[in-house]
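1. what shape does this take:
(one chain, ligands or ions: 1)
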Amino acid sequence: MTVTEVTGKAVRATDRAAIDARIAACGAERVVVDLGAGDGLWAYRSARADAQAFVIAIDPVAENLAEASAKAAKKPERGGAPNAMFVVAAVESLPGDLAAVADELRVTLPWGSLMRGIILGDAAALAGIAGLLRPGATCRIVLNTRIFDDPVPIDARDLPEVTPGYVEETLVTRFAAAGLDITATRFLDAGEVAAIGTTWAKRLSHRRPPRSVLIEARRTATP
Ligand SMILES: C[S@@+](CC[C@H](N)C(=O)[O-])C[C@H]1O[C@@H](n2cnc3c(N)ncnc32)[C@H](O)[C@@H]1O
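-> Coordinates of the predicted model:
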């Protein structure tokens, strides 16, 4: 399945051959994917800061990606980032043309079905994440556990509270079944959340101290 790319307000289809050609033309040494990228600004800034990385922001809401993708499309001397790309897709329906594209993957402070899928260790969500990763590639997920404070949002009321203990007891097995070895899990402190640098990480850090759980995982050769 081809990839739906956003550039400002324009949306068009592209494919893996074209993406691989862009990665090669940039001279990037690794591909970083930001899944549930929100406004895509972290991807844009990361691409500007690191010419060795080709950064792909993925989010189901095309309008969210409009501003960052328009900035990236400018000439490099005017703030452009040819090593950034913005894709409309949800974890449940990722295009096959992005299979095993990533050397590193991030999911930062997800909500909706991306958050639920990860917290529940849902096979479809984890297959989507694992499918983006090359064998040996790493994945860094940060979950906001403040959602379990009163009043708990309706879509989180039936979810188990995420702690490192919950990850070890329940998610390690479910991730392993999807081909993801969990290598570390711990709470992050407020400074660490702020340092992530995404819009929501900064927003949460400005409110009461965030409480977040980090899950690091590595893609095994086969699930
Ligand atoms: C709180 S925002 C975080 C955005 C960004 N990662 C940040 O830290 O600023 C959560 C994002 O998850 C995305 N999201 C929700 N469900 C998703 C799904 N099923 N697949 C991919 N992304 C999803 C939303 O569109 C939204 O942009």
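
2. quick one: the nearest residue to residue 221 once chain neighbours are set aside from residue 213, how far?
-> Nearest non-adjacent residue to residue 221, counting by C-beta to C-beta, 6 or more residues apart in numbering: residue 135, 4.4 Å away. (Glycine included, C-beta is placed from N, CA and C.) The spacing between residue 135 and residue 213, counted by C-beta to C-beta, to the nearest Å, is 26 Å.

3. which one of the two has more residues nearby?
-> residue 213 (20 against 11; other C-beta atoms under 10 Å).

4. the one helix or strand that one maps to - contacts with which helices or strands?
-> Residue 213 belongs to strand 212-219 when assigned by DSSP states H and E. The criterion is 3 or more C-beta pairs under 8 Å, 6 or more residues apart in numbering; DSSP states H and E, and the helices and strands that strand 212-219 contacts are strand 133-144, strand 180-188, helix 190-196.

5. mind telling me what element residue 127 is part of?
-> Assigned by DSSP H and E, residue 127 falls in helix 123-132.

6. what sits against residue 17?
-> Counting by C-beta atoms under 8 Å, 6 or more residues apart in numbering, residue 17 touches no other residue.

7. now do residue 39
-> With C-beta under 8 Å, 6+ apart, residue 39 has these contacts: 64-65, 67-68, 199.

8. how much space separates it from the ligand?
-> 6 Å (C-beta to the nearest ligand atom, to the nearest Å).

9. same check, this time on residue 138
-> In terms of C-beta to the nearest ligand atom, residue 138 sits 17 Å off from the ligand.

10. what's the neighbour count on that residue?
-> Neighbours of residue 138 (other C-beta under 10 Å): 17.

11. thinking again about what came up before, so how far is the helix holding residue 127 off the chain centroid?
-> Computed by C-alpha atoms, centre = their mean, to the nearest Å, the chain-centroid distance of helix 123-132 equals 12 Å.
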